[in-house]
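# have a look at this fold, sequence not included:
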């Protein structure tokens, strides 16, 4: 710190001391500070009254300098903007919060810092808001491969504006489950239906307070019946202005193969009720933009018909471009042209009327290009046709939209690395793909898929040129950063301010001497970092921390031995004055704390690394067994570990060595294990392994039968291997492979997308899915050792190409999952790509969106059928390790529901879902909604579960985990089995 700054801070502290007066508690006792100097903290509210949902600014003064502040409403902490409030050097702060649901009348708003300074003020709720009443008069109308819904707004919005509607659907009355979320609209067309079926619907409304009751039920039957006959599909083409185009090549595909082709307009004959896809192709200067009936840009487009159907593909042209293509009358528009006849005269018309241009006479170059401007004449709001003609054989048209110029709104405008930001756009070109940039760095078009992904994720404007999307604040240093949005013709830029944070700080409670790991982000670039504990600098590991060019750093500290029981201020500071504060709570040495203990070491590493664990259910279904368990080594070895009176001992010989591919560092090999819950009677063990069949990799589910040899070893019966299901596509990575049984004897199997992106949405393929099958003791009539549960979502489909084994889809690489033995709840831990690691609720069949989405969305913008938002997510930015062996890696792994009746973890962990991340090296518990209700994410509006971090600082673990006898056990990648103790 420089001398002038030290002098300034000394004077400031002296001034605070001179002006301070004692703070008085409710019992009129003076509250002592550690320094024996007291000040009276104050807050003010603006406004001081209003309805529920009002945004209130809280301004505080004379709190502890550089301290975190919590704002509460009637004693309950509320979400604020910024999410982390840190006082300045004078103890001041400013933040906002939204008045929660509460009764009309007086309510207490309070603020408290980490050293217990507090102040309160009164806010008067003038009218109490509630969730809205139910939407009214829901009606459903069946059509050809569609059901059209319409409804009326609730009779009462509850005192807070309606923001979204949720739509629920089912195949039977009274059993509707979530289908999709839409904006503040009162109609929806469900295209994910099959002709000849009856569908039942309900709708609910949401405001800032919550969700309404569901509407009346409405049902509709799609036209036609699945007769086994055929119908025709006619595909025509046009440009954006509505001009007919002909001669564009179109392919019809089924089961991944092209079965027919033609040129537009073209008519194909399809089998009723079967799944096909159609793909119109580009022919420069025309490129496929969207489908006229849906407004979506999916190409190829999946389609099922059961009656003669006509659809229209709309093309955009690159022969002319308008900059901008939206704006009010009087806007100056630049028209750039190419693909015209050389040295030709150009005429530009507006709705058929020639325009005055600059230059007045336009002549193309020798290569057929030109550039000119015109002024938009006075005309009605909406779309108008711009036509460019060279007087010969070239005429191209596009649209100009009269209205507001393109603009974006960011929510919030102050954020930390890794946080979602809502981007709302208006005034862009209708039906246009949107691209986002962050400081001129390309951001993937929706939520993180690689720019070269196939298919490329995108945001698309609606018919009015509007859109809503979200982005994750990428790795970036403190200060202002630009977010730019463009549709090629129109652009707008807004600024966001990045603030410091430490998304990893844990554990946050424990004894003196506890090692606390942290990961700071959003600080100044290439800056020295100081960590202080109660104002005193502490030694860190590594010493002399320097932030990266993106303002990130990692390290750890040891809680000082002199720290007393209670909360202590931990502050991270850079040399530019940026700070982030949090707290560590020291507990008594007699208070239990979480720790990990290796119980088995020396197992496989490298190509034989340990990647699975399962306890043997030798006491019957739904009960803890004796404590014996099996561990997978990726090279095929299955290790048995026996519980010898509380000491875990590796069996001298393996259970079996499963034939599998060798030499893969990533997830190919022996990947999954599931033991039959009825082990006592069957002794069946199931494995998921990557095999090479005729030189081609595939994943298989294999079954072995266990026995006990004369030495008491648990081993596989020789030659007992049986192939349950094979042919699951595989490569060197993204094979998933986790398996679990439910209480009904169904086996669930997760499969990866093989790093190909597209399989997740392809229901004719087994990869990128969660499968559900019922293993059989002997082959069924079809010769298979499994059957399809009748309640699988596609079990009754007449299409032979659709895989009936699919339970849920839209997955990337759900490497781990668990089924709650008490509730039947199914949570998947899905490894993300560039932005989010997610936990998905697959208790009911669902589409989880990959590759169209990664992480939460705002209202399912691509209208994916059966889409379901994640229940929890955490970011890459601000969490992904920046050094060490896991540098640049991040993957959510492990998953286990926790239940315990004796000698348990603390009560908030009952019913929790434990998971970990092998790169970050931590174990976290997603708490049940009853223990800690989900909080609505302010950017996306999606409820997000609440978590507790139990341990950090693990090395390449956990990989897989299981609960036995009230404790969590896990394997890591370096040959260890460990237990999470609380003692």
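Cool, the structure landed. Every value quoted in this text rests on a predicted model; they were computed, and no experiment measured them. Numbers count the residues shown, from 1 in each chain.

# what pairs with residue 629 across the strands?
Applying DSSP bridges to residue 629 yields these beta-bridge partners: residue 615, residue 641.

# and it, how far is that from residue 979?
From residue 629 across to residue 979, the span is 11 Å (CB to CB, to the nearest Å). C-beta here means a position set from N, CA and C on the backbone, and glycine is covered the same way.

# and residue 771, its phi and psi?
Dihedral pair for residue 771: phi -100, psi 150, per degrees, to the nearest 10.

# wait, doesn't residue 794 sit right on residue 800?
No: taking CB atoms under 8 Å as the definition, residue 794 is not a contact partner of residue 800, at 11.2 Å.

# who's more crowded, the two?
Here residue 794 and residue 800 are set side by side on neighbour count (other CB atoms under 10 Å), and the busier one is residue 794, at 18 against 13.

# return the set of residues that bridge with residue 73.
Going by DSSP bridges, residue 73 is paired in beta bridges with residue 76, residue 109.

# buried residues, the host helix or strand of residue 686. List them.
Per DSSP states H and E, residue 686 falls inside strand 684-693. Taking 16 or more other CB atoms under 10 Å as the neighbour-count basis, strand 684-693 is seen to contain the buried residues 684, 685, 686, 687, 688, 689, 690, 691.

# gap between that strand and the chain center?
Taking CA atoms, centre = their mean, to the nearest Å, the mean C-alpha location of strand 684-693 is offset from the chain mean by 30 Å.

# for the host helix or strand of residue 287, packing partners?
In this assignment (DSSP H and E), residue 287 forms part of strand 286-291. Using 3 or more CB pairs under 8 Å, 6 or more residues apart in numbering; DSSP states H and E as the contact definition, the elements that strand 286-291 packs against are strand 309-317.

# between the strand it packs on and strand 286-291, how many degrees?
Going by axes from the mean of the first three to the mean of the last three CA atoms, to 10 degrees, strand 309-317 is angled at 130 degrees with respect to strand 286-291.

# buried set for strand 309-317?
For strand 309-317, by 16+ other CB under 10 Å, it's 309, 311, 312, 313, 314, 315, 316, 317.

# same check, this time on stretch 317-328
Within stretch 317-328, the residues that count as buried by 16+ other CB under 10 Å are 317, 318, 319, 320, 321, 322, 324, 325, 326, 327.

# now, the residues you listed that are in strands?
Using DSSP state E to define strands, the subset of the buried residues of stretch 317-328 located there is 317, 320, 321, 322, 326, 327.

# please produce a markdown table containing those, extended by distance to residue 230 and pLDDT.
Compiled in a markdown table, these are given as follows (distance: CB to CB, whole Å; pLDDT from 0 to 100):
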| residue | distance to residue 230 | pLDDT |
| --- | --- | --- |
| 317 | 35 | 96 |
| 320 | 41 | 98 |
| 321 | 43 | 97 |
| 322 | 44 | 97 |
| 326 | 44 | 95 |
| 327 | 49 | 94 |
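
# nearest to residue 592, of those residues?
The nearest member of these to residue 592, counting by CB to CB, is residue 326 at 62.3 Å.

# quick one: contacts for that closest one?
Residue 326 sits next to 400-406, 427-429, 465, 489-490 when contact means CB atoms under 8 Å, 6 or more residues apart in numbering.

# list only buried entries from those.
Buried residues within the contacts of residue 326, defined by neighbour count using 16+ other CB under 10 Å: 400, 401, 402, 403, 406, 427, 428, 429, 465, 489, 490.

# is the third one in contact with residue 377, as I believe?
I take that to be residue 402. No: Residue 402 sits out of contact with residue 377 when judged by CB under 8 Å, with a separation of 9.3 Å.

# mind listing the shared neighbours of the two?
With contacts taken as CB under 8 Å, 6+ apart, the residues that reach both residue 402 and residue 377 are residue 329.

# ok, what's across the strand from the residue lying closest to residue 313 once chain neighbours are set aside?
The spatial neighbour of residue 313 that comes closest, neighbours along the chain excluded (CB to CB, 6 or more residues apart in numbering), is residue 280 at 4.4 Å. Judged by DSSP bridges, the bridge partners of residue 280 are residue 250.
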